[in-house]
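>>> okay, predicted coordinates and the sequence, questions at the end:
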Amino acid sequence: MTKKGARTEDTTFSELRSVTKTQLIWRAFKRHQLGIIGGIILILLYGFAFFAEFIAPYSSDLQVRGKAFHPPTRLHFFDEEGNFILQPFVYHYELVDRVFKVYRPDRTIKYPLRFFVRGEKYKFLGLIPSDIHLFGTKAPGHIFLLGTDKFGRDIFTRLLFGARISLSVGLVGILVSFSMGALIGGIAGYYGGVVDNLLMRVAEMIMAFPGFYLLLALRALLPTALPSTTVYLLIVFILSFIGWPGFARVIRGMFLSLREQEFSLAAKALGSTDLRIILRHILPNTMSFIIVAATLSVPAYILGESALSFLGLGIQEPQASWGNMLAAAMNTRVLASFPWILVPGFFIFITILAFNFLGDALRDALEPRMRTSRQTFTG
Amino acid sequence: MKKVVNLIVGISILLALPSLSPARIENPKVMEGEVGKHGGTLVWSVFGSGPKTFNLPIAQETSSTTPLSFLFSGLTETHGVTTEVEPALAESWEFSEDGLVWTFHLRKGVTWFDGEPFTADDVVFTYNDIIYNEDIACGMRDLLTIEGKRMKVEKVDDYRVRFTLPVPYAPLLRHLGTAIMPQHVLEPAVKKGTYMTTWGVDTPPHKIIGTGPFMMKEYLPDDRIIFQRNPHYWKVDQEGNQLPYLDGMIMLIVPSIDTQLLKFQAGEIDLYGMRGEDYAILKPKEKERNFTITEEGPTFGSAFIILNWSHPDPIKFKWFNNRQFRKALAHAIDRQTFIDNVMYGFGVPQWSPVSPAVKAFYNPEVKEYPYDLVKARKILQETGFRLKTDKGEQLIPEKIGPWPRWVFVLISILVLCFLCVWTAIRRKWRIMIIWIVLIGAIAIGNYYVSIRPVGPKYLYGLDGHKVEFELFTNSGNNIREALGILLADDLKKLGMTVHFRPLDFNLLVQKLTTKPRGDWDAIILGLTGGVEPHGGANVWKSDGGLHSWNYDPENRYDWEQKVDDLFNKGVQELDPQKRKLIYDQWQMNVSEELPFLYTALSTYLSAARNTLKNTRPTAYGGTLWNVEVLYLEKE
Amino acid sequence: MLRYVVRRFLHMIPLLIGISFISFFIIQLAPGDFLTQQALNPQVSAERIAQERARFGLDQPIYLQYLIWLKNILHLDFGYSFAYRLPVFTLIKSRLYNTFILSLSAMIFTWVLSIPLGILSAVKQYSWLDKLISVFAFLGLAIPNFFFALLLLYMAMKTGWFPVGGMYSINYESLSLGGKIWDRIYYLILPTIVLGTAGMAGLVRQMRGNLLDYLKADFIITARAKGLSERVVILKHAVRNAVNPLITLFGFALPGLLSGAALTEIVMSWPGLGRLMLEAVLKMDLYLVMGSLIMGALLLILGNLVADLLLAWVDPRIRYD
């Protein structure tokens, strides 16, 4: 499929250099500016999620009781006289109206923004204990970059912790559904015949299930005594159990054609075992499709989690996920008075766009000839 | 808005014709309220799904009972403002000295929608053949079964019915508000045994026959019910004009509260039962959009925490049965924050099982447990609970053998430095990097081990067990979930480890109703409540089906016995003054023993267009309790 | 052709049995049943619940319940809904029509918009227009449906351009025929946008990809060489071929719309099947759930069949034997 030594037109004989496959892919990828932007956004988002404890100024369930529905705190670089101050500061906000939840900055009290402050204790990734946060203010002051919710919890902090869940839902999900899909599709495609027929009927059956409703039924089955992270993993497993058949069908099709290609026939003639042929010869050829399809199917998991949360069946409070944060914002009052609570929706939006653009770019780059293979794949 | 007016005119022309026929009711009930004008269609909405059945006696959900309540009437009815029982289909009644024999005089000239007269036969049929029929799953049967026995319901003559009770029953009159069903329509179904499937939602709506102010004209599944005025209704206004004033009503079925709110704002519906959070949206628009918001004091639905007194685990059994422990918990409920942030300011703290809205029975003297963590901590201390600091388990102890840890760290770093220099001399750069990395790792590791945070303080019981339990509620109920999040956070401040978990409702019910010893710790629940205190008998009597905190008959307290007695006495006491004293005592007992840790009641809020006159919204009856006298002033 | 259709129908039978079998048991695995919640109603005694349970046949072993249900299906009896005490079929029928209207209009919306956008995007590959179309197509996909619905309703309330949810006007009955039709369309617009945009991204990208493939094909080069105008080359030759694979997608779209529609139906208060089914699942109204599931599966299978037949009709190269 790939030809080594394809030469670019402007190479002279003196600097003869072959272009590797990686370079070719990279060149095709670079043409896709939206894809690059998507990739950068994703790297940033995952990075932020990874360092959530450090970047977030508070812990995800810290409730500041008197500061519910606090608007985003503004950072000021200029004091009242208009002098520029290098170290930005925030004003203290006063609750003026309890019913309407109106806050007004009190210009007499200011707290400078500090970096690498000592704050709440945490264990980074559950392992390394520390109490250093990237930024914060001195004790009585609070900094809510994106405001607070109805419990007075910092939205920015919860967004970071929620990202851990929401961004990994997709990754874990595709890992499960794709390994299942690749295995089953591979077996069906490679062996064909009765096995193929049987497996494909099972796949059709699962595809014909209205997965969403079954998910509701299954959700009630989960044991209650489990910590919410385990429950969350189980949900992902259920989601991916419904997700594998579409993918398995494509893989099966690819296996069907690949096993008849010369290289697999040759390998067979040389006495390779089935397993070896599958692992060494056929699977690598489907790799680029798998990568692309995986990228494009992550959003479905993120959306699935948010839909479950809307029904009160997703990740449970007090643990944060973008889905349950958005579900809590599903409210006209929020829309009208506290728009900052909608921020998770914006991030879901951005992430899904980023994944799709990245997927598109990857597809153009990795397999320019397999564009049509997406038809059978539905998120 | 203009469109709505047009349509109101249109429908009023269509519907105005039947109202011309004269009323034949001998002694119609006269309703208070200013004299209004006939005509107009009121549009309102209900939250959730559509009706499940058109058969009122077997209807269980409010989605069915709400629309059907306009079609039927009972012998008595409850006034929406005073919550007193008033005559309805029965215009008067008298009872024997011992309160056992009641005779009801029926209103003469009342007709069913199809023109058949309403008589004593219908009443006898409703009670004997429907409510007391074992083959029919009727919700009222349990309420009208007194001490396990049925009332005897007999016809005296066409317009008189006699009820004979086994023992005096104070809530009788209120419960006789049960809808009376038409014998001439339903008798065949009862005889054939198909009553349970008659009048399903596939029945043509105009075939549902009642005596209420409105009849059903059309039902569009899950979308709307269109009501039409009953021209022969048995109520008139003060000038003797036939009621209801409205020509019709349209009830929209809206499955999302927010959509309801938006519809109200857009002028598509005329009434809206508000949530606290809607106040800030609607209040500024009151003038511009021509509606009025009414705030009408606390509602009836409670939210509370119950602990499992008959816990199978002996340790938790001890905590939850300890009154002081429960007291501390009661002091740890931040009701003000709950009201301010979850109810958006529209709520009142609750201390008694009776809502302050029930003026006839509410006891304002009950014990209160305001939010006070210091006090809660003190109570726990006095009861023998201790706060202990959990030292985070140290991977490497401070001292290894006789030497402190830093000696080892220093020696190993020195050795590594030496190795580093050695490899540098021999120009083995790659190996040197390993030594440098190791030095770094040891230095950082030592730093982290030494600043390893001292663990938080945890609460321990007398017997040295850490106080740790699970708090459940049904998932999807935002208010209860919010309460759980708040409470878990406050209990954490007391040193308790509380795992808050919203559960599937079915699962929760199963846990809660396991007898005699349910395997759960604490649950946030609610009860709908009502005006009649005896409605809670099933909860408060120790053999009641919902005495869920303590089903175990071997774990009975004196006060539970006392409450049993009070309920038995209260239900037979016909003098309202004495009856109140009995239930006062019960409220006092509950507030002292704290089987339920009450939180807060929401305040009743509603919004109605100013064009709708005669409205008197109340927490008990909503806006539509006096629907007969509501009328629309054309803009 | 007829033989093919018959064979496809025969294939359906084991598939449906399999689906119903698995669904039945999964639903039964969940804790409690339809009557469990009644236990918390102070007005309902425990004996009454037991009595009702026996009436519904819920006290029998699960496999027996399934077999009885299966036997009744053969007589086209889908069972009774516990909550409504009505035949499941009656309940589904009245909502199916509404859902069908919504799905159909959403589908038309998606296809009418996506194909031209896809063509445009392919013809102007890598241009700003291409990127703009990409972003636009993904808008609907990237916002969770339920949230998008609320946003649109909020906008409708603010501007007054559209009705705030529902399916007809209050005065629907008094309208003229033309007025009625317009009224229906008027109320359909917002839910159609919500559901329609969700499927757009896939179709646009698909159309773009297919067309790009065909634009490089030999017969296009030949057509160009013949001196045909670019318009004719693209529309007559390339697009016709590129649309073919999309038809298979059509078959999958219907049940997808069905489950996606539930949340939209709730927010937009559209009286459809999704709403009924969601409620049935949450309440464990067993036979209503089963009936709706079977209906959904049937739709999927029929959709696939129609798609295959359409494909054969559009593309003469495909033959079924």
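Cool, the structure landed. Numbers count the residues shown, from 1 in each chain, chains lettered A, B, ... in the order given.
>>> these two touch, right, A:Arg276 and A:Ala267?
Yes. Under the criterion of C-beta atoms under 8 Å, A:Arg276 makes contact with A:Ala267 at 7.4 Å. The C-beta positions use only the backbone N, C-alpha and C, and glycine is treated the same way.
>>> neighbour-wise, which of those two wins?
Neighbour comparison, A:Arg276 and A:Ala267: the larger count goes to A:Ala267, with 18 against 12 (by other C-beta atoms under 10 Å in any protein chain shown).
>>> pull the contacting residues for that one.
Residues near A:Ala267 by C-beta atoms under 8 Å, 6 or more residues apart in numbering or on different chains: A:Arg276, A:Ile277, A:Arg280, A:His281.
>>> most surrounded residue in those residues?
Comparing the contacts of A:Ala267 on neighbour count, A:Ile277 comes out first with 21 neighbours (neighbours: other C-beta under 10 Å).
>>> name the SS class of that residue, please.
Put simply, A:Ile277 is helix when judged by DSSP: H, G, I helix; E, B strand; the rest coil.
>>> and the gap between B:Ile431 and B:Cys420?
Taking C-beta to C-beta, to the nearest Å as the criterion, B:Ile431 is separated from B:Cys420 by 9 Å.
>>> between the two, which is the more surrounded one?
Neighbours of B:Ile431 and B:Cys420, each counted by other C-beta under 10 Å, are more numerous for B:Cys420; the result is 18 against 14.
>>> excluding its backbone neighbours, what's nearest that one?
Taking C-beta to C-beta, 6 or more residues apart in numbering or on different chains, and ignoring the residues beside it in sequence, B:Cys420 has B:Trp435 as its nearest neighbour in space, at 4.3 Å.
>>> again, but for A:Leu308
Spatially, and ignoring its direct neighbours in sequence, A:Leu308 is nearest to A:Gly314 (3.7 Å; C-beta to C-beta, 6+ apart).
>>> how about the one you found, what does it touch?
Counting by C-beta under 8 Å, 6+ apart, A:Gly314 makes contact with A:Ile235, A:Glu305, A:Ser306, A:Ala307, A:Leu308, A:Ser321, A:Gly323, A:Asn324, A:Ala327.
>>> quick check: the gap between the second one and A:Ile238.
So the one you mean is A:Glu305. A:Glu305 sits 11 Å away from A:Ile238, taking C-beta to C-beta as the criterion.
>>> out of the two, which sits in the busier spot?
A side-by-side neighbour count of A:Glu305 and A:Ile238, using other C-beta under 10 Å, places A:Glu305 first with 29 against 21.
>>> quick one, domains of chain A?
According to the domain assignment given by automatic domain parsing, chain A is divided into the following structural domains: A:73-143, A:157-377.
>>> what's the most buried one of those?
The densest packing among the domains of chain A, expressed as mean neighbour count by mean count of other C-beta atoms under 10 Å in any protein chain shown, is seen in domain A:157-377 with a mean of 20.
>>> which neighbouring elements make contact with the lengthiest helix in chain B?
What stands out as the longest helix in chain B, according to DSSP state H, is helix B:429-451. Packing contacts for helix B:429-451, counted by 3 or more C-beta pairs under 8 Å, 6 or more residues apart in numbering or on different chains; DSSP states H and E, involve strand A:128-136, helix B:405-425.
>>> ranking helices and strands of the chain by mean pLDDT, which lands last?
With no chain named, the answer covers chain A. Ranking every helix and strand in chain A by mean pLDDT, DSSP states H and E puts helix A:211-219 at the bottom, with a mean of 67.
>>> not quite, I wanted chain C
The element with the least model confidence among the helices and strands of chain C, by mean pLDDT, DSSP H and E, is helix C:239-267, at a mean of 72.
>>> pLDDT of the helix or strand that it is followed by, averaged?
The C-terminal neighbour of helix C:239-267 among helices and strands, as given by DSSP states H and E, is helix C:273-283. Helix C:273-283 shows a mean pLDDT of 80.
>>> helices or strands next to helix C:273-283 in the packing?
Under the contact criterion of 3+ C-beta pairs under 8 Å, 6+ apart, the helices and strands touching helix C:273-283 comprise helix A:211-219, helix C:88-123, helix C:239-267, helix C:286-314.
>>> just give the closest residue to the residue in the stretch 201-350 of chain A positioned nearest to chain B, not the sequence neighbours.
Using C-beta to the nearest C-beta, the single residue of the stretch 201-350 of chain A nearest to chain B is A:Gly312, 3.3 Å away. Beyond its immediate neighbours in the sequence, the residue positioned closest to A:Gly312 (C-beta to C-beta, 6+ apart) is B:Gly476, lying 3.3 Å away.
>>> assign the one you found to helix, strand or coil.
Counting by three-state DSSP, the three-state call for B:Gly476 is coil.
>>> what do you get for B:Pro231?
coil.
>>> that one against B:Pro244, yeah?
No. No contact is recorded between B:Pro231 and B:Pro244 when judged using C-beta under 8 Å, the distance being 9.6 Å.
>>> residue ranges for the helices of the stretch 101-250 of chain C, please.
The residue ranges that make up the helices of the stretch 101-250 of chain C, judged by DSSP state H, counting those that start in this stretch, are C:128-142, C:145-159, C:177-215, C:218-225, C:230-232, C:239-267.
>>> show me the contacts for A:Leu175.
Taking C-beta under 8 Å, 6+ apart as the criterion, A:Leu175 is in contact with A:Ser240.
>>> separation between it and chain B?
For A:Leu175, the distance to chain B (C-beta to the nearest C-beta, to the nearest Å) stands at 27 Å.
>>> helix, strand or coil: sort out that residue for me.
Local secondary structure at A:Leu175 is given as helix here, using three-state DSSP.
>>> now do residue 225, the pLDDT please.
Chain wasn't specified; assuming chain A. Confidence at A:Ala225, expressed as pLDDT, is 60.
>>> I was after chain B.
The per-residue pLDDT reported for B:Ile225 equals 93.
>>> okay, and the residue lying closest to it once chain neighbours are set aside sits in which element?
Once its chain neighbours are removed from consideration, B:Ile225 has its nearest residue in B:Met251; the separation is 4.6 Å (C-beta to C-beta, 6+ apart). Taking DSSP H and E as the definition, B:Met251 sits inside strand B:248-254.
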